[in-house]
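Visitor: predicted structure and sequence below. I'll ask about it afterward.
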Amino acid sequence: MSNNTHVISLDEAKQMTHAYQSAAQFQGLTVASMIDKEAYQLVINQPNCVNIRTYFGLNSEEKLTIVIVGVDANGEDMTDGVLLNMATNCPIFCPNNSELMK
């Protein structure tokens, strides 16, 4: 296990994702969003980027999605830099065998 405080166990991840997927208020909503590694790398490799922030948003179909932005050392969004979306959402494109899906 990593010393990074953001790293969690599979059991913790399953507990959280299954709780979300089972909650009545989230039925029918997006349960996961996927963005390719190269896109994340564009954000990470920006000068002065020390963190990544994920915002929740609604896409043009009014479905839940994510917007990714780099964060500088002052905790400010780097909105003049690379911003990500165009995520592939689940449902529609879901993993076949993930333990994170209930």
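Guide: Everything's here; your move.
Visitor: what comes into contact with the longest helix seen in the chain?
Guide: For the chain, the longest helix by residue count, based on DSSP state H, is helix 10-22. For helix 10-22, contacts defined as CB atoms under 8 Å, 6 or more residues apart in numbering pick out 26, 31-32, 99-102. The C-beta positions use only the backbone N, C-alpha and C, and glycine is treated the same way.
Visitor: show me the beta-bridge partners of residue 88.
Guide: Under the criterion DSSP bridges, residue 88 forms beta bridges with residue 34.
Visitor: that one: neighbour count?
Guide: 13 (other CB atoms under 10 Å).
Visitor: again with the one 10 residues further on
Guide: Taking other CB under 10 Å as the neighbour definition, residue 98 ends up with a count of 13.
Visitor: element containing it?
Guide: Under DSSP states H and E, no helix or strand contains residue 98.
Visitor: what about it, distance to residue 64?
Guide: According to CB to CB, to the nearest Å, residue 98 stands 18 Å off from residue 64.
Visitor: cool, and residue 26?
Guide: For residue 26, the distance to residue 64 - CB to CB - is 9 Å.
Visitor: those two: who's more crowded?
Guide: Just comparing residue 26 and residue 64: by other CB under 10 Å the higher neighbour count belongs to residue 64, 16 against 13.
Visitor: what about this protein, any weak spots by pLDDT?
Guide: 1-2 (pLDDT under 70).
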